[in-house]
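In: Here is a sequence with its predicted model. Questions after.
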Amino acid sequence: MPRRALIIPDKFKGTLTAGQAAEAMAEGWRRAHPEDSLELLPMSDGGDGFGQILGEILGAETRTVDTVDAAHRPCSAPWWWLAGSRTAIIESARIIGLAMLPKGAFHANALDTLGLAAVLRAAAGSGAERCVLGIGGSATNDAGTGLARGLGWRFNGQSTIDQWPDLTDLRSIERPTASLAIPRLEVAVDVQNPLTGTQGCSAIYGPQKGLLPGEIEPADAALRQLAEVAAADLDRPADTPGDGAAGGLGFGLRCFADGVLRPGFDLFAEQVNLDERLRGIDLVITGEGSIDPSSLMGKGVGELAAHCRSRRLPCIGLGGVVSNAPEVNQAFSLTAGVVNEVADAEASQADPADCLTRLAERAARRWPLED
């Protein structure tokens, strides 16, 4: 019998956008089961592609604002506007994202979130009553202090900090004369890390952003000092899961812009009416670049698998690489990986769309497992 399948992958980082991945999966599945009806729904849990994907799905107007990237280079940043609901959608990866910078050209200590302030101000100036902000994929580790300066906050009585590691000398934080006029700021986070400590942003994600081993502890000390002063001066302790998301930007948005941290998958599912889309669906096909135990720690693909499991809906996970960990096998009805089955890492990087198409075809020919 023909099936109705929802194809809902996240990006395959560095190779395919979520939209490209969905198209490749659909092509492969059709080769094996041309009779099936496929609906494509690219997904983002708050990282690269979040704004573009939601904007397209919801029919939002694309707007731009002149600002600076994480290295203070001028850039034109997009954001998305839903006039009917007075909702702004912002993707910080399109402003201060790591992918926007030449690899190795800038040290993490010199990067900050200042450029995000101009986009939030543009949304507020348009009369936004709600802002949905995805913060994954950032190049920064400044805990949102650059953003804060751009919104008028002062540190030690000054409007500038030479570099965020200088926060070790922080003694006071002063509020701006006018607050950001966005009544409801919802921040999509895909991790639950605290701001500091062995599981904090500096220790866990700092190396990805260029922090060397000997720089991790000084970075963590700078953010610990920020947390202590924020707790004393603003009554905003760093105690919320997700404060460490995006180099501490989760904490910064909560502390300096009254943001509310929410799991990115939940925000995405809510915005696209996922439960309604799943009505009448027989099978869900998802995936990302690497499916491993970390995928099950709040990331979109793992959350989707759990959501399907609660509805007794089969969910197939396709990845560039797939772990054989028991928890991964238990989370999905079937898993398959490009490097595991189709091509080695070098070949898969050379033509990722074709490799994913071939993988999807293989998975389709194995499904349903009971046949």
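Out: Okay, I see it.
In: C-alpha from now on. contacts and neighbour counts both.
Out: OK.
In: which non-adjacent residue is nearest S172?
Out: Closest residue to S172 apart from its sequence neighbours, by C-alpha to C-alpha, 6 or more residues apart in numbering: N156 at 4.9 Å.
In: who's in contact with the one you found?
Out: With contact taken as C-alpha atoms under 8 Å, 6 or more residues apart in numbering, N156 is in contact with L170, R171, S172, I173, E174.
In: and which of the residues you listed is nearest to G300?
Out: Of all those, the one with the least separation from G300 (C-alpha to C-alpha) is I173, at 35.2 Å.
In: How many neighbouring residues does the closest one have?
Out: 18 (other C-alpha atoms under 10 Å).
In: Then M43?
Out: Using other C-alpha under 10 Å, M43 has 30 neighbouring residues.
In: circling back: over to the residue nearest to S172: give its phi and psi.
Out: Torsion angles at N156 (phi, psi; degrees, to the nearest 10) stand at phi 50, psi 40.
In: what residues are up against the most centrally placed residue in the chain?
Out: Centroid-nearest residue in the chain: G47, 2.1 Å away (criterion: C-alpha atoms, centre = their mean). When contacts are counted by C-alpha under 8 Å, 6+ apart, G47 touches E91, S92, A93, G134, I135, G136, G137, D190.
In: let's see 10 Å
Out: Counting by C-alpha atoms under 10 Å, 6 or more residues apart in numbering, G47 touches 10-11, 91-94, 97, 133-138, 188-190, 246, 264.
In: if we can go back for a sec, output the contacts of N156 as TSV; include the columns pLDDT and distance to G104.
Out: Below are these laid out as TSV (pLDDT from 0 to 100; distance: C-alpha to C-alpha, whole Å):
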residue	pLDDT	distance to G104
L170	97	28
R171	97	32
S172	97	33
I173	97	32
E174	96	34
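In: Now do the helix or strand hosting A305: distance to the chain's middle.
Out: Per DSSP states H and E, A305 falls inside helix 300-310. Chain-centre distance of helix 300-310: 17 Å, with C-alpha atoms, centre = their mean, to the nearest Å.
In: Start at 624, not 1
Out: Renumbered: residue one is now 624, and that last one reads helix 923-933.
In: Quick check: next helix or strand after that helix?
Out: Per DSSP H and E, helix 923-933 leads on to strand 938-945 as the next helix or strand towards the C-terminus.
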